[in-house]
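>>> sequence and predicted structure are below.
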Amino acid sequence: MLRLSGTDAGFLYAETASWHMHAGAVIVLDPSTAPDRFDVDRVRQLIAARLRLLGPFRYRLVEVPFGIDRPYWVEAVDLDLATHVQSASLPSPGGTSELGRFAADVFAHKLDRRRPLWKVWFVDGLAHGRVALVVKLHHAYVDGLRGARLYDVMVDADREAPLDRGVLLDDGATPRRPTPLAFTVATASGLALAPVRTARALASLARAITGVARFARAPEHADVTLPFRAAPGCFTGSLTPARSVAFSSLPMSLVRDMRERHHVTFNDVVLTACTGAIRSYLLARGTAPTRPLVVAVPVGVRRETGAEPAVAVTPGNFISAMGAQLPVHIDDPVDQLNAVVESTRSAKALHRAFGSSFLLDLVDAVPPGAIAAAVRAYTSLHLEALHPPIFNLLVSNVAGARAPVFLAGARLLATYPLGPLLAGSGLNVTVLSHDEKVDAGFIACPDIVEDVWALANGLPPALELLAGSSGVVAGATA
C-alpha cells in the first residue's frame, strides 16, 4: 500500500459536485506517420505495454472509514483497459471548437472512485485526418512534474519505437491489495504518527513566521500580492459542474526572443501574454480595468532523485503556490511585462520566506475528514460570497519535449494541458512547451466566464503586441 500525502488527500476530499480536481490534456496527433494502424486498440496496446511505467494508471483508491486517516493507493489487479480507454467520433470534419466542446463535456463529470481515477478517449473525425486523445486523471495522482513524466513515458523520439520499452521494475514497489490486518495496522500506524505530523507543521509555521518577519523588512515587500485581494466579479464566483474548454498556441521562438531580450523568465512572458489577452477580453465587453488581477501560480517545491521512469511510477504532488499580479489596467505591453516581473520577484521572495514545504506540512497535519467537512460547509453555505476573492485565475506552465515526438508512431502535433478549477475562481490556463511551440489549454466554468474562446484567441495577438512594442516583428525571429 502507498499512503497518500496530506496534499494528495486534500485534492480528493476537497472535491465537490461542482469542484472537480481533474487534470489532463487534449493531445492532437497525425496518424499518417504511424508504421501500423493507429486506432483505439493501438492506444490500449501502448498503455498495456508500458503499464509498469505508468504507476498512477495502475492504482485505485482505498479510503479509511470516516476519513480519520489518509487513504491508500493499491494496485488494481482487475484493470480493464477497454473501460478506461474509449473511442468517440466528432462530426467530420471536426475543428478545434468541436474538440473543445467534447473535452468540456468530459471534464464536466467526476471520475468513478471505484476504479483507477483516469480515462482516455480516442477521438476521430477531426479535419485533415487527424485524431486526438482526451486524457483525464485525478490531480491526487500527479503534479505538473509527474504529469510531464507520464507524458514522457507515453511518447518516443522515434516513430518506429517498440511499444514495450523493456524496462523492468521491482515488483516489491507495487502497492499490493492489502489484507484486512495489514490495512488495520497501517491505519493505526498512520494515526500514531499524527502528533509527529502536527509537530512538523508547527515547526514549519514557526519558520514561516520568522521568514515572513524578515521579508517584511525586505524591498520586495512593497510589491507583494496577498490573497483575498482579488478584483471581485472578474472570473470569480460560485462554481457549477459545467465546463468550457478552448485552445491556443504560441511560437516558441517569439517567447524565447522576449525572454532573452528583456532578461526575464519564460513564465514572466506567459503571464504578460495572459495579461494582454485578458485586458482585450475585458475591453471588448465594455469593462475598462482599473486594478490588476490576482493570479495563483503553482510552484514545484522539490524534485525527486533517481531514474526518470521512477518519477512516473510513484504518484503524488509536491507543489505549493504563489500569488502574483496580472496588470490588466496597464495599456503598454512592455510596461505590463515590467509590472509582472516586479510582482513575480516579490512572490518568489515571499514564497521563500514561508518555506517551500510550509503548505505541504500544514495540510499533512489535517485529517482528510476534516478537510471534507470544511469544504462542504464552505460551498454549501456559499461562504465565498462573504469575503473578497482569494484570486481571480490560475496560470501554470509545464516543460515538455524539446524535439518532435511520436505516440505509437503517430506524430504529436499539439498538447493542450488542462488543470482543475479551484473554489471561487472560474478560469485555469495551463501551458506546455514542446518542440517549437507553446500550447495553452483554457478551462473555465461557463457560468462565470462568458466566452473562453475569446480569451484563448487573444493570447497570440497579445504576444505579438509585446513583440512589436519591443521592436520585434512577429514571425521574423529565428
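Nice, I can see it. Here the structure is a predicted model, which is why all the values come from computation and not from measurement.
>>> okay, now the unreliable bits of the stretch 101-250 of the chain?
Applying pLDDT under 70 to the stretch 101-250 of the chain flags the ranges 167-187, 190-191, 193, 221.
>>> and if we set it to 90?
The model of the stretch 101-250 of the chain has pLDDT under 90 over residues 113-114, 140-152, 165-233, 238.
>>> can you tell me the centre-most residue of the protein?
residue 419 (3.7 Å; CA atoms, centre = their mean).
>>> which residues touch that residue?
23, 139, 394, 396, 428, 430, 441, 443 (CB atoms under 8 Å, 6 or more residues apart in numbering). Where you see a C-beta, it was placed from the backbone N, CA and C, and this is true even at glycine.
>>> what's the burial count for the second one?
Summarising burial for residue 139: neighbours were counted as other CB atoms under 10 Å, giving 24.
>>> do the same with the fifth one
Using other CB under 10 Å, the number of residues around residue 428 comes to 24.
>>> the stretch 351-478 of the chain: helices as residue ranges?
Using DSSP state H, counting those that start in this stretch, the helices found in the stretch 351-478 of the chain span residues 358-364, 368-380, 452-457, 459-469.
>>> tell me the domain ranges of the chain?
Listed by automatic domain parsing, the domain ranges of the chain are 2-191, 194-399+417-469.
>>> tell me which of the ones you listed lies nearest to residue 408.
Taking CB to CB, domain 2-191 is the member of the domains of the chain nearest to residue 408, at 4.7 Å.
>>> and the closest one, how far from the chain's centre?
14 Å (CA atoms, centre = their mean, to the nearest Å).
>>> go on, stretch 411-425?
Per CA atoms, centre = their mean, the centroid offset for stretch 411-425 relative to its chain is 6 Å.
>>> ends of it, how far apart?
35 Å (CA to CA, to the nearest Å).
>>> with stretch 32-41 instead?
One end of stretch 32-41 sits 16 Å from the other (CA to CA).
>>> what residues of it count as buried?
34, 38, 39, 40 (16 or more other CB atoms under 10 Å).
>>> show me what contacts the first one?
Contact analysis of residue 34 by CB under 8 Å, 6+ apart lists 42, 159, 406, 408, 409, 410.
>>> all strands for the stretch 1-150 of the chain, in order.
Here the stretch 1-150 of the chain has its strands, by DSSP state E, counting those that start in this stretch, at 2-3, 22-30, 59-62, 72-75, 85-94, 118-126, 131-138.
>>> between those, which gets nearest to residue 381?
Of the strands of the stretch 1-150 of the chain, the one closest to residue 381 (CB to CB) turns out to be strand 22-30, at 24.6 Å.
>>> what is that closest one packed up against?
helix 96-107, strand 131-138, strand 410-418 (3 or more CB pairs under 8 Å, 6 or more residues apart in numbering; DSSP states H and E).
>>> any idea of the angle the longest one forms with strand 131-138?
Orientation check (axes from the mean of the first three to the mean of the last three CA atoms, to 10 degrees): helix 96-107 against strand 131-138 gives 30 degrees.
>>> report the buried residues of stretch 342-357.
342-351, 353-357.
>>> what do you get for stretch 113-126?
115, 116, 117, 118, 119, 120, 121, 122, 123, 124, 125, 126.
>>> and which of those is nearest residue 385?
residue 117 (30.7 Å).
>>> what's the closest non-adjacent residue to the closest one?
In space, and not counting its chain neighbours, residue 117 is closest to residue 138: 3.7 Å by CB to CB, 6 or more residues apart in numbering.
>>> list the contacts of that neighbour.
By CB under 8 Å, 6+ apart, residue 138 lies in contact with 11, 12, 21, 22, 23, 111, 117, 118.
>>> in this structure residue 284 contacts residue 455, no?
No. Contact status for residue 284 versus residue 455: not in contact, 10.4 Å apart, counting by CB atoms under 8 Å.
>>> and the two? Which one has more around it.
Using other CB under 10 Å as the criterion, residue 284 and residue 455 rank with residue 455 on top: 25 against 11.
>>> wait, the more buried one touches residue 279, no?
No. Using CB under 8 Å, residue 455 makes no contact with residue 279, being 10.8 Å away.
>>> which neighbours do those two share?
In contact with both residue 455 and residue 279: no residue, using CB under 8 Å, 6+ apart.
>>> tell me how many other residues crowd residue 382.
Neighbours of residue 382 (other CB under 10 Å): 9.
>>> state the distance from it to residue 363.
24 Å (CB to CB, to the nearest Å).
>>> and what of residue 352?
The separation that residue 352 has from residue 363, given CB to CB, amounts to 19 Å.
>>> what residues does stretch 147-161 touch?
By CB under 8 Å, 6+ apart, stretch 147-161 touches 23, 25, 33-35, 46-47, 50, 53-54, 56-57, 142, 308-309, 311-312, 398-401, 403-407, 409-412, 415, 417, 432.
>>> drop anything exposed from these.
23, 25, 34, 46-47, 50, 53-54, 56-57, 142, 309, 311-312, 398, 400-401, 405-407, 409-412, 415, 417, 432.
>>> and residue 430, how many neighbours does it have?
25.
>>> again with residue 450
12.
>>> surely it meets residue 287?
No. Look at residue 450 against residue 287 with CB under 8 Å: they stay out of range, at 11.2 Å.
>>> does residue 145 really touch residue 300, like I thought?
Yes. Using CB under 8 Å, residue 145 is in contact with residue 300, at 5.4 Å.
>>> can you name the two of the buried residues of stretch 342-357 that are farthest apart?
Taking CB to CB, no two of the buried residues of stretch 342-357 sit farther apart than 342 and 357, at 26.3 Å.
>>> so what's residue 162 up against?
residue 49.
>>> so where do the strands sit in the stretch 201-350 of the chain?
244-251, 293-300, 319-326.
>>> CSV please, covering the buried residues of stretch 113-126 and showing distance to residue 225.
Formatted as CSV, those follow (distance: CB to CB, whole Å):
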residue, distance to residue 225
115, 40
116, 38
117, 33
118, 34
119, 36
120, 37
121, 38
122, 42
123, 39
124, 44
125, 44
126, 40
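>>> which of those residues lies closest to residue 216?
Once CB to CB is applied, the member of those that ends up nearest residue 216 is residue 117, at 41.6 Å.
>>> pretty sure that closest one sits against residue 142.
No. Counting by CB under 8 Å, residue 117 does not reach residue 142; the two are 10.6 Å apart.
>>> so, low pLDDT: which residues of the stretch 301-450 of the chain?
The stretch 301-450 of the chain contains residues with pLDDT under 90 at 301-323, 347-390, 398-403, 422-424, 434-435.
>>> endpoints of stretch 399-414, how far apart?
Start-to-end, stretch 399-414 (CA to CA) is 13 Å.
>>> residues making contact with it?
So stretch 399-414 is in contact with 26-31, 33-36, 38, 42-43, 45-46, 130-131, 133, 148, 151-152, 154-161, 163, 247, 249, 415, 432-435, 437, 439, going by CB under 8 Å, 6+ apart.
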